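Undergrad: Predicted coordinates and the sequence they were generated for:
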Amino acid sequence: MFVYDALEKIQSKCDGANSEDGIGFNKYDSKKVKRLQFQEKCAENELRLKEILEKYTDTQLGGVELRTEYARAKELDESDILLEARVYDEYDKCDLLIRFDYDEDIVKSLGNTVAQFNDKTKNWHAPFDSHEQIKETLSDYRVIDNVKGKCIQR
């Protein structure tokens, strides 16, 4: 079952964690899901939802395996640079996630922009509104642009 189909199935029975009936999401997950469900359907958000939904596969989804539609099944090719919109739960804002296999020239190029390296995720991040600037900076490389429109914030 695809992640977004599983989300719909659970939500169709969920009362928003108003009662302890063992149906739907718990209160903590309900808040996270409400934020994520209206965000751009991209790999990052889909993987976050999948992580939440996996807790409910045995009890409410009949033990199905969750599959992703938007998340890439394989790693990037050596020369690929992937741009995606990423939503941070803790800040409820969107930024640009820039992923690629290490390349000194790309690192130098990004060092001249507003992008910053995150030691924890081992990826580069930039403000969402710098999307066009980052694309222009990386125009000499093969860029896979998975940013579709704006990140909707709720």
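TA: Yes, it's here. What you are looking at is a predicted structure, and each value in this text was computed from that prediction instead of being measured. Numbering: from 1, shown residues only.
Undergrad: average model confidence for whichever strand or helix holds Leu49?
TA: Assigned by DSSP states H and E, Leu49 belongs to helix 43-53. On average, the pLDDT along helix 43-53 is 85.
Undergrad: Show me what it is packed up against.
TA: For helix 43-53, the elements it packs on are helix 3-11, helix 27-37, strand 80-88, judged by 3 or more CB pairs under 8 Å, 6 or more residues apart in numbering; DSSP states H and E. C-beta here means a position set from N, CA and C on the backbone, and glycine is covered the same way.
Undergrad: is His125 in a bridge, and if so with what?
TA: Leu97, Gln116 (DSSP bridges).
Undergrad: which residues touch it?
TA: Shown here is His125, whose contacts under the criterion CB atoms under 8 Å, 6 or more residues apart in numbering are Arg86, Asp95, Leu96, Leu97, Ile98, Ala115, Gln116, Phe117, Asn118.
Undergrad: okay, and the helix or strand of the protein with the least pLDDT?
TA: Least confident helix or strand, the chain: strand 80-88 with a mean of 70, by mean pLDDT, DSSP states H and E.
Undergrad: gap between the helix holding Leu49 and the chain center?
TA: Chain-centre distance of helix 43-53: 7 Å, with CA atoms, centre = their mean, to the nearest Å.
Undergrad: Quick one: mean pLDDT for the helix or strand following that helix?
TA: Reading on from helix 43-53 to the C-terminus, the next helix or strand found by DSSP H and E is helix 57-60. Per-residue pLDDT over helix 57-60 has a mean of 86.
Undergrad: Check stretch 29-38 too.
TA: The average pLDDT for stretch 29-38 rounds to 84.
Undergrad: Show me which residues of stretch 23-40 are buried.
TA: Buried residues in stretch 23-40, counted by 16 or more other CB atoms under 10 Å: Gly24, Phe25, Asp29, Ser30, Val33, Arg35, Leu36, Gln39, Glu40.
Undergrad: The third one contacts Glu51, correct?
TA: No: here Asp29 lies out of contact with Glu51, judged by CB atoms under 8 Å, at a distance of 10.0 Å.
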